[in-house]
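S.K.: fold the stuff below for me.
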Amino acid sequence: MKTIAYQTAPMTKDEFFYAYQHLARRENRHILLESGRGGEMCIAGFDPLITAQAKGPDTVVEWRDGKQEVRAGDPIAVLTDILSSYNLTHIENLPTFQGGALGMISYDYIRRYETLPILATNDLSTPDTYFYLFDQWAVLDVQSDNVYFMALPEKQSSLATLHDQWTTAVTEGLDARKFSAGQAIDVEVTEEDLAVSVTGEQFEQMVRDVQQYIAQGEVVQVNLSVRQSKPLQAPSLLMYEALRSFNPSPYMAYMMTPDFEVVSGSPELLLKKRGNELSTRPIGGTRKRGVTEVEDRALQDELISNTKEKGEHKMLVDLECADFEGICEPGTVEVDEFMVVEKYSHVMHLVSNVRGTAATQNHAEIIRGVFPGGSITGDPKLRTMEIIEELEPTRRGLYTGSIGWIGFDGNMELNITIRTAYIQNGIAHIQAGAGLVPESDPAAEYQESLNKAKALWQAKEMAEQVAKEGQFQ
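M.R.: Alright, predicted model coming up:
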């Protein structure tokens, strides 16, 4: 068995980000996973040793030197086979992530193990999975403000160089800071400003169609979404910097590839695995934030007392528990946190926590057991996904998929990819939705879908203002 090599240096979360941003200027393949709020660590990597992308039936594995290999089978299984071949031992008292794969899983990965109709347009052609594996990387321990520069054993000799690059980049990165924490411009999001996948009128009819399915007893709840698109006239990493400055979220991510970029501020966990322990945090129930403290408290009180919202949230928790029962040891699944309120810059949510003990160590099997999250499909999950395919005109792609990491040691952590911009060919695509039940008001649900994307559009406007003024180099 082998172990990774590492060096350390003191560094705050902001210093870590601005060093990453500075170093990113000369790279076209890199990723940052940030615990923007709470959490235990932030992870970053540049210039991956391996890029594994699944588009079509197979996974293309590409090495840094240009060598390629095509592998058949489930792309998560392909990925975990690659990881297990390194045969690395976990080191105690280091951050949980000690190397592995970082990347994304598209919503349409579900088609690899469930049969869904093919009705929606696949206009973005998003990969089913896209992961990087690095031979050297950086992990920030959020609690101790200490960064660990890590490397595979064969790259140990370059650790000092990695350490020097990052620590030198801190000052230069901070000097280039463009946004102050907590400050944001206001943006009014309307259908007229955007290219939308469905108009308000069309979405309202979709809501009524869902309510008809519910009345017929086919489903209990369905999450439907609208995709909003607009050209991005600024660097995407500048948009991410703006987003993190005023809307820090637990599962933030930035990803740069030669074909697309991702700016994500997701609040929701799909799956966390630590040893045999699994957990998920379903979100269901939303209100906008109040302008004043009094209004904010009134909206919170209304949320936690609303019969519709509580009923919908309980249904989602039950759905996640049922998913966990399929992959956990009997009798170990429990809800250890129920219906608490979490607040973000524009909205507040009802959130619970479900945990259990894994019955298998097969990553693909575990992910398939919970993917995609029930809070963004509905109940029962398979039938709601059929309805989503019928009513939403375009494939979801990355929206409501996952971004995160799978470690050499078998641990992993994946978000549910909401509050996210998928940027391709200079166009930012931001998708958001609402959970629909018999009491849903069609017009209000459409407006809620637009509101949920507002923080991303604010970040875009802030980035474009800075870029226009020539402040970004």
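S.K.: hey, let's count contacts and neighbours off CA atoms from now on
M.R.: OK.
S.K.: enumerate every residue touching Met315.
M.R.: Asp379 (Cα atoms under 8 Å, 6 or more residues apart in numbering).
S.K.: using the three-state scheme, assign it.
M.R.: helix (DSSP: H, G, I helix; E, B strand; the rest coil).
S.K.: can you name the element that comes right after the helix or strand bottoming out on mean pLDDT in the chain?
M.R.: In the chain, no helix or strand scores lower on mean pLDDT, DSSP states H and E than strand 283-288, which sits at a mean of 81. Once strand 283-288 ends, the next helix or strand along the chain (criterion: DSSP states H and E) is helix 293-305.
S.K.: if we can go back for a sec, so which elements touch the least confident helix or strand of the chain?
M.R.: helix 293-305, helix 307-325, strand 347-357 (3 or more Cα pairs under 8 Å, 6 or more residues apart in numbering; DSSP states H and E).
S.K.: report the angle between it and helix 293-305.
M.R.: Orientation of strand 283-288 against helix 293-305 (axes from the mean of the first three to the mean of the last three Cα atoms, to 10 degrees) gives an angle of 150 degrees.
S.K.: among the helices and strands packed on strand 283-288, which is nearest Glu27?
M.R.: strand 347-357 (34.5 Å; Cα to Cα).
S.K.: hmm, who's touching the helix or strand that that closest one is followed by?
M.R.: Downstream of strand 347-357, the next assigned helix or strand under DSSP H and E is helix 363-370. In this structure, residues lying in contact with helix 363-370 by Cα under 8 Å, 6+ apart are 74, 76-77, 80, 110, 113, 270-271, 320, 323-324, 326-327, 360, 410.
S.K.: now a PyMOL select for only the buried ones of those.
M.R.: Selecting the buried subset of those in PyMOL, with 16 or more other Cα atoms under 10 Å as the burial test, is done by:
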select buried, resi 74+76+80+110+270+271+320+323+324+327+410
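S.K.: show me which of the contacts of helix 363-370 is closest to Thr400.
M.R.: The closest of the contacts of helix 363-370 to Thr400 turns out to be Leu270 (Cα to Cα; 9.8 Å).
S.K.: using the three-state scheme, assign the closest one.
M.R.: strand.
S.K.: do Leu159 as well
M.R.: Bear in mind the rule, three-state DSSP; under it Leu159 is helix.
S.K.: that one contacts Asp135, correct?
M.R.: No - look at Leu159 against Asp135 with Cα atoms under 8 Å: they stay out of range, at 10.5 Å.
S.K.: okay, and the common contacts of those two?
M.R.: Common neighbours of Leu159 and Asp135 (Cα under 8 Å, 6+ apart) are Ala151.
S.K.: out of the contacts of helix 363-370, who's nearest Ile214?
M.R.: Nearest to Ile214 among the contacts of helix 363-370, counting by Cα to Cα, is Glu320 at 20.0 Å.
S.K.: do you know the pLDDT at that closest one?
M.R.: For Glu320, the pLDDT comes out at 92.
S.K.: can you pull the contacts of it?
M.R.: So Glu320 contacts Thr280, Pro282, Val354, Val370, Gly373, Gly374 (Cα under 8 Å, 6+ apart).
S.K.: what's the pLDDT at the third one?
M.R.: The predicted local distance difference test score for Val354 is 95.
S.K.: swap in the second one?
M.R.: The per-residue pLDDT reported for Pro282 equals 86.
S.K.: just the fifth one next, same as before
M.R.: According to the predicted model, the pLDDT of Gly373 comes to 91.
S.K.: do the same with Leu316
M.R.: For Leu316, the predicted pLDDT is 86.
S.K.: I'd like to know how many residues surround it.
M.R.: 24 (other Cα atoms under 10 Å).
S.K.: that one is in contact with Ser375, isn't it?
M.R.: Yes - assessed by Cα under 8 Å, Leu316 is found in contact with Ser375 at 5.9 Å.
S.K.: now do the shared contacts for these two.
M.R.: In contact with both Leu316 and Ser375: Pro282, Ile283, Gly284, using Cα under 8 Å, 6+ apart.
S.K.: which one of the helices and strands packed on strand 283-288 lies closest to Val333?
M.R.: Of all those, strand 347-357 sits nearest to Val333, with 4.2 Å by Cα to Cα.
S.K.: partners of the closest one, with directions?
M.R.: Strand pairing for strand 347-357, determined by DSSP bridges: strand 277-281 (antiparallel), strand 283-288 (antiparallel), strand 334-343 (antiparallel).
S.K.: let's have those in CSV, adding mean neighbour count.
M.R.: As requested, the strands paired with strand 347-357 are exported to CSV (neighbours: other Cα atoms under 10 Å):
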stretch, mean neighbour count
strand 277-281, 23
strand 283-288, 22
strand 334-343, 15
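S.K.: TSV for the ones you listed, including distance to Ile430?
M.R.: Listed next are those as TSV, based on distance: least, Cα to Cα, whole Å:
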stretch	distance to Ile430
strand 277-281	22
strand 283-288	18
strand 334-343	21
